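[1] Fold the following for me, if possible:
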Amino acid sequence: MDHRAPALDYLSNGRVRLGLGLGWSKDEMDAAGASLKDRGARADEFIQVLKAIWTTNPVEFHGKFYNLPKSYISPKPVQKPHPPIYLAAFAPPALNRIARLADGWNPVAIPLEGMAQMFGSIKEMAKAAGRNPSSLEMLVRAHVEITDKPLGKERFIFTGTKEQVKEDIAGCQKIGAAEIHFDPTFSQRGSTLEGWLSVLEEMRRLTENVAAA
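    Predicted coordinates for the structure are as follows:
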């Protein structure tokens, strides 16, 4: 992660955006010799290490979880000071981490009202931390599932008919989402490449219609 992201940023002429999450699977944590209990503290320190590697030469870091002796690490990212970091988060401490250390939030499967409230909280915490709240972005991850018949009030966001999904897209725009990342992977049609691409094409047409409305 420390050296690959800058290399990709260089090769893409400054287009890399880094999405990170704490992880949720105890089995995966056990396999890596890590603990669920301190994953938040590890994340705080890991982000600091990344920023140090990406922005300084020589770089040196000594923390509770990570130690980096004085080193020269290159290349550095094209984007300055570094590629933007987006975190997936739900719990208040994780939202606070976004406010303090990240460049934006990457929510998934959260209702519109919940996203609006949580993003508002992130901005308030950012302001309290001395940061500019308007500098933080919300990039929504949409797990799309298109159905022939309308789903009820208990449906997940971005599921249902095209019209229902279109309403969700418009709703995300209203609450300040900078982008929506459509992911058909978990949909019924997403099991094949042809189906996966067809869902994305439908989403392209829907977003065009919302933008033109």
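
[2] List the contacts of the residue positioned nearest the centre of the chain.
    Centroid check for the chain by Cα atoms, centre = their mean gives residue 106 as the closest residue, at 2.9 Å. Going by Cβ atoms under 8 Å, 6 or more residues apart in numbering, residue 106 touches 19, 86, 87, 88, 139, 140, 141, 181. Any C-beta I mention is one placed from the backbone N, CA and C, and that applies to glycine too.

[3] most surrounded residue in those residues?
    residue 140 (27 neighbours; other Cβ atoms under 10 Å).

[4] Which helix or which strand is home to it?
    Counting by DSSP states H and E, the element that carries residue 140 is strand 137-143.

[5] cool, and residue 61?
    Judged by DSSP H and E, residue 61 forms part of strand 59-62.

[6] circling back: now what about the next helix or strand along the chain from the strand holding residue 140, what contacts it?
    Where DSSP H and E defines the elements, the next helix or strand beyond strand 137-143 is strand 145-146. Residues from elsewhere that reach strand 145-146 (Cβ under 8 Å, 6+ apart): 156, 158-162, 165, 186-189, 199, 202.

[7] List just the nearest of these to residue 49.
    In terms of Cβ to Cβ, no member of the contacts of strand 145-146 lies closer to residue 49 than residue 186, at 31.9 Å.

[8] Give me the buried positions along the helix or strand bottoming out on mean pLDDT in the chain.
    Counting by mean pLDDT, DSSP states H and E, the chain has its least confident helix or strand at helix 26-31, which shows a mean of 84. The neighbour-count check on helix 26-31 (16 or more other Cβ atoms under 10 Å) flags residue 29 as buried.

[9] after it comes which helix or strand?
    The element immediately downstream of helix 26-31 (helix or strand, assigned by DSSP H and E) is helix 39-55.

[10] May I have that following helix as CSV, with CA atoms only?
    What follows is helix 39-55, C-alpha atoms only, in CSV (Å, rounded to 0.1, in the frame of the first residue of the first chain):
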residue,chain,number,x,y,z
ARG,A,39,-8.4,-2.2,14.9
GLY,A,40,-9.6,1.4,15.4
ALA,A,41,-6.4,2.5,17.0
ARG,A,42,-4.4,0.7,14.4
ALA,A,43,-6.3,2.5,11.6
ASP,A,44,-5.5,5.9,13.2
GLU,A,45,-1.8,5.1,13.2
PHE,A,46,-1.8,3.4,9.8
ILE,A,47,-3.2,6.5,8.1
GLN,A,48,-0.6,8.6,9.8
VAL,A,49,2.1,6.2,8.5
LEU,A,50,0.8,6.4,5.0
LYS,A,51,0.7,10.2,5.0
ALA,A,52,4.2,10.3,6.3
ILE,A,53,5.5,8.0,3.6
TRP,A,54,3.7,9.8,0.9
THR,A,55,4.8,13.3,1.8
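
[11] Right, I'll call it a day here.
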